[in-house]
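1. Show me how the following folds:
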Amino acid sequence: MKLLESDQSLLETLGQNLEVQFVSNSNASDTVLCTPTETFKVTKVESSNSTLLAAGCLVGGTSGIIRSAVKFHWEICRTTPRIDFRLSLPVYSDENMSVGVVAPSLTQVQSHSQASRAELERTLQRSTILVNETGGHFYLKETTLHQCLDQILMVISLKGWPPSAIPLKACAEDAAKHGSDIILTTYCLKHFALFLSPSGKVNLDVRRVARTLTRSLFVTKEIYESTRDLMNDLHDCLPAQIEPAISWLDGIITVSVNGEVSLATDKGCT
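-> Residues are numbered from 1 along each chain as shown. Have a look, this model is predicted:
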């Protein structure tokens, strides 16, 4: 007899006959239980003095009590999904592309993660994961993405395209002539887009672009003497068509009492 201690949300999932599976892989030392939307940690709780009493109906309709000694039970607690694309995915790079590295499909990515399908899909959307034309998933380093963004912004500046109507195909092709490839430049444009119109025009998320560039500026300069100095450098990184506002940087910079500007400690803001 196996005992499973669970919370209400898992019991409701079991009651709806939704798919539930135990997931283990070579990247983890333990096992988790995944529903379609949540991940639960499975812990073996030892006990040398537990007795289970179960009232029920025996064969022939005679009621009785079953007494069973158990040495342990399984405890199920909700946990964060175990996903690390830096370990499970190949890096998107010129070297890997030249030797024809085969990247895993979505099914293979899931097999290397301990997470529900919904949690995995949300994490993929938030992360810098590039999917090639065959459905292979690559991990894209932020430095590579930022270099590509610089190339795209240069093309936008030279062409004079308005940030709200950038032709995706033409911009990606032009930017690819400056060191990146068409797959990477197309991904980068979509990554920093508010939306893509049916006619193939990108509405660039200028606020997100500015916040990304601001973080890059602080890589080489830890402190700016004033917000004016920071905004001047940020303005130089952007096409003339984009006029940044200090309010765009709320949450990612801090200003001291003497006016010095530094990067906020919480870098998870977007």
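2. From here on, just use CA atoms for contacts and neighbour counts.
-> Fine.
3. All the strands of the protein, in order from the start?
-> Counting by DSSP state E, the chain has strands at residues 4-5, 21-23, 32-34, 39-57, 63-79, 129-131, 137-139, 166-167, 193-196, 201-204, 223-224, 253-255, 261-263.
4. right, and these - which one's nearest His112?
-> strand 21-23 (9.5 Å; CA to CA).
5. any residues touching the longest helix along the chain, and which ones?
-> Longest helix in the chain, counting residues (DSSP state H): helix 142-159. Helix 142-159 has contacts (CA atoms under 8 Å, 6 or more residues apart in numbering) with 128, 162-163, 166, 171-172, 174-175, 178, 180, 184-185, 188-189, 212-213, 237-241.
6. Mind listing what's buried along it?
-> Leu145, His146, Cys148, Leu149, Gln151, Ile152, Leu153, Met154, Val155, Ile156, Ser157 (16 or more other CA atoms under 10 Å).
7. would JSON lines of the residues you listed with distance to Ser247 and pLDDT be doable?
-> What follows is the buried residues of helix 142-159, written out as JSON lines (distance: CA to CA, whole Å; pLDDT from 0 to 100):
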{"residue": "Leu145", "distance to Ser247": "24", "pLDDT": "93"}
{"residue": "His146", "distance to Ser247": "22", "pLDDT": "92"}
{"residue": "Cys148", "distance to Ser247": "25", "pLDDT": "95"}
{"residue": "Leu149", "distance to Ser247": "22", "pLDDT": "96"}
{"residue": "Gln151", "distance to Ser247": "25", "pLDDT": "95"}
{"residue": "Ile152", "distance to Ser247": "24", "pLDDT": "96"}
{"residue": "Leu153", "distance to Ser247": "21", "pLDDT": "96"}
{"residue": "Met154", "distance to Ser247": "24", "pLDDT": "95"}
{"residue": "Val155", "distance to Ser247": "26", "pLDDT": "96"}
{"residue": "Ile156", "distance to Ser247": "23", "pLDDT": "96"}
{"residue": "Ser157", "distance to Ser247": "23", "pLDDT": "95"}
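8. can you list the strands of the chain in JSON lines and add distance to Met97 and mean neighbour count?
-> Below are the strands of the chain laid out as JSON lines (distance: least, CA to CA, whole Å; neighbours: other CA atoms under 10 Å):
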{"stretch": "strand 4-5", "distance to Met97": "47", "mean neighbour count": "12"}
{"stretch": "strand 21-23", "distance to Met97": "31", "mean neighbour count": "16"}
{"stretch": "strand 32-34", "distance to Met97": "34", "mean neighbour count": "23"}
{"stretch": "strand 39-57", "distance to Met97": "34", "mean neighbour count": "14"}
{"stretch": "strand 63-79", "distance to Met97": "36", "mean neighbour count": "14"}
{"stretch": "strand 129-131", "distance to Met97": "13", "mean neighbour count": "21"}
{"stretch": "strand 137-139", "distance to Met97": "11", "mean neighbour count": "23"}
{"stretch": "strand 166-167", "distance to Met97": "26", "mean neighbour count": "22"}
{"stretch": "strand 193-196", "distance to Met97": "25", "mean neighbour count": "17"}
{"stretch": "strand 201-204", "distance to Met97": "27", "mean neighbour count": "21"}
{"stretch": "strand 223-224", "distance to Met97": "38", "mean neighbour count": "16"}
{"stretch": "strand 253-255", "distance to Met97": "37", "mean neighbour count": "17"}
{"stretch": "strand 261-263", "distance to Met97": "34", "mean neighbour count": "21"}
